[in-house]
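**Q** the sequence isn't on hand, but the structure is:
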């Protein structure tokens with residue numbers, strides 16, 4: 001039985017483009033909905049960042065946390081142990097290394113189980129986090145995904 005239930009989603013308008021993530025985190029009577037946007041990022045970065053931020057929000061360690069996501073990228077990377085092999089090999093040739101390293105710092109603090117949900121299939125909480133992710137991407141308060149922008153600078157001439 002999960003102590004904490006989390007739904008996450010990421011969005012990008014253009015890939016790369018404006019992006020955002022949405023989180024719904026629930027424990028007992030507590031529920032928090034989060035929407036954050038970035039001016040230039042990718043869908044996969046937002047999917048992963050949503051999971052990271054949700055885990056970082058949990059202040060007490062060793063909770064049973066069930067994370068629902070429609071991201072095969074995130075879930076398969078963890079459940080199929082790819083990310084742990086990438087780490088052993090120094091993430092050579094992998095994308096989103098900054099976020100995977102951040103994930104690997106927070107992940108051991110909880111007992112996390114992932115469940116894949118089909119996107120846009122009527123799951124109310126998955127639809128909610130999708131809305132929150134889109135809201136974030138479309139907001140006027142866009143943050144800078146500094147790692148992404150620094151690594152992907154296009155010369156002006």
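**A** Looks like it came in fine. Because the structure is a prediction, the values reported are computed rather than measured. Numbering: from 1, shown residues only.
**Q** and the closest residue to residue 32 other than its chain neighbours, what element?
**A** Leaving aside its chain neighbours, residue 32 sits nearest to residue 25 (5.1 Å; criterion: Cβ to Cβ, 6 or more residues apart in numbering). C-beta: built from backbone N, CA, C; applies to glycine. Here residue 25, judged by DSSP states H and E, is contained in strand 17-27.
**Q** now do that strand, average pLDDT.
**A** Confidence for strand 17-27, expressed as mean pLDDT, is 97.
**Q** which residues in this protein form helices?
**A** Assigned by DSSP state H, the chain shows helices spanning 43-57, 72-79, 82-88, 97-106, 124-138, 146-151.
**Q** low-confidence stretches in this protein?
**A** 154-157 (pLDDT under 70).
**Q** quick one: the strand holding residue 25 to chain centroid distance?
**A** With Cα atoms, centre = their mean, to the nearest Å as the basis, strand 17-27 stands 7 Å off its chain's centre.
**Q** give me the angle between it and helix 124-138.
**A** Relative orientation of strand 17-27 versus helix 124-138 (axes from the mean of the first three to the mean of the last three Cα atoms, to 10 degrees): 140 degrees.
**Q** quick check, residue 97 in contact with residue 91.
**A** Yes: the criterion here is Cβ atoms under 8 Å, and residue 97 meets it with residue 91 at 4.4 Å.
**Q** circling back to that earlier point, the residue nearest to residue 32: what's it in contact with?
**A** Contact analysis of residue 25 by Cβ atoms under 8 Å, 6 or more residues apart in numbering lists 4, 5, 6, 31, 32, 34, 54, 57, 58.
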